[in-house]
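**Q** My questions are about this predicted structure, shown below with the sequence.
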Amino acid sequence: MKVHRSVIKRAKQNEIRKMRNVSAKSRIKTLVKNVNEVLQKKDINETKKAYSVVTKSLDKAAQKGIIHKKTANRKKSRLSKKINLIVSGTNQQ
């Protein structure tokens with residue numbers, strides 16, 4: 001059992017931060033799934049809108065330290081590669 005006030009406060013703060021981080025990570029995963037779903041439909045305008053929302057969320061999470069900066073960049077890079085493949089494929093046809 002925690003006895004000191006500072007330990008109790010630290011435990012409460014950690015729990016609040018954990019909930020916030022889990023929520024942010026879940027949001028990012030959902031947004032990435034949304035981009036992949038829109039990619040399957042091959043709707044370029046919707047894909048670009050969804051991608052901009054994902055990049056904003058990834059940058060914000062990286063800035064706050066929820067995910068690492070390089071992790072955010074890697075996720076953005078992989079998504080942009082997929083988008084470019086779809087865009088270049090529709091332009092050639």
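**A** Sure, I can see it.

**Q** Now do the phi/psi pair for Gly65.
**A** Geometry field for Gly65 lists phi and psi as phi 90, psi 10, criterion degrees, to the nearest 10.

**Q** ok, now Ile66?
**A** The main-chain torsion angles of Ile66 are listed as degrees, to the nearest 10 and equal phi -70, psi -40.

**Q** which residues touch it?
**A** Contacts of Ile66 were listed using CB atoms under 8 Å, 6 or more residues apart in numbering, and they are Arg20, Asn21, Ala24, Lys25. In short, each C-beta sits where N, CA and C put it, glycine included.

**Q** surely the last one meets Ile67?
**A** Right, the one you point to is Lys25. Yes: with contacts counted by CB atoms under 8 Å, Lys25 reaches Ile67, the gap being 7.0 Å.

**Q** higher neighbour count, those two?
**A** A side-by-side neighbour count of Lys25 and Ile67, using other CB atoms under 10 Å, places Ile67 first with 19 against 13.

**Q** does the more buried one count as helix, strand or coil?
**A** Assigned with DSSP: H, G, I helix; E, B strand; the rest coil, Ile67 falls in the coil class.

**Q** Surely it is in contact with Leu58?
**A** Yes: in this structure, Ile67 is within contact of Leu58 by CB under 8 Å, at 7.4 Å.
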